[in-house]
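> Sequence below, structure please.
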Amino acid sequence: MLSNKVLIILVLSIVDNSLGYPGGAPQKACESMTPEHGSDPQSSKSPYEISLKQLTVRNGENLIIQLESPIKRSFKGFLVIVKKVGEPEQAYGSFSSNENVKTLNCFHGNNNAATHSNRDDKSSVMLTWIAPENEDGDFEILYVRNR
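Okay, the predicted model is just below:
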């Protein structure tokens, strides 16, 4: 089996709640990785973190990704895509849905992005990403958050 290394690169936007999408990010957000609410992306350090259970996964294995605020600052929405380093027009692997997560089909893929399924306040969200079966290389996790 090939192994995939996961490289974390964070992309974060802070936007006004009143302009959000309560049922999840729109499809068009996949390309721009902006929340599509009409606000500019945040340029300061993110108050949120991504935690991984491990940094290397084998093809077809699950990777647990946790979005959280170390200071328990809540957020309502998010969009997470895993891309191969240097390939901005393709999302890799797939996500599982749960009570706070629904999937999107980005870049002609299936379930290869994760977004919020409700507008409830969250201080932490756990995502399950399934590594692609036939891809090897370094991947980056990109996310956008709506406070």
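> thought residue 120 was touching residue 76?
Yes: counting by C-beta atoms under 8 Å, residue 120 does reach residue 76; the two are 7.1 Å apart. All C-beta spots, glycine's among them, are computed from the backbone N, C-alpha and C.
> Settle it for me: which of those two has more neighbours?
Neighbour comparison, residue 120 and residue 76: the larger count goes to residue 76, with 18 against 12 (by other C-beta atoms under 10 Å).
> List the buried residues in stretch 67-87.
Under the neighbour-count criterion of 16 or more other C-beta atoms under 10 Å, stretch 67-87 has 67-69, 75-84 buried.
> now those residues as a markdown table including distance to residue 108 and pLDDT?
Compiled in a markdown table, those are given as follows (distance: C-beta to C-beta, whole Å; pLDDT from 0 to 100):
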| residue | distance to residue 108 | pLDDT |
| --- | --- | --- |
| 67 | 25 | 88 |
| 68 | 31 | 88 |
| 69 | 33 | 82 |
| 75 | 29 | 83 |
| 76 | 28 | 82 |
| 77 | 24 | 82 |
| 78 | 22 | 85 |
| 79 | 17 | 86 |
| 80 | 18 | 88 |
| 81 | 13 | 88 |
| 82 | 16 | 88 |
| 83 | 14 | 85 |
| 84 | 15 | 82 |
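> can you list the weak-confidence ranges in the protein?
1-20, 34-42, 143-147 (pLDDT under 70).
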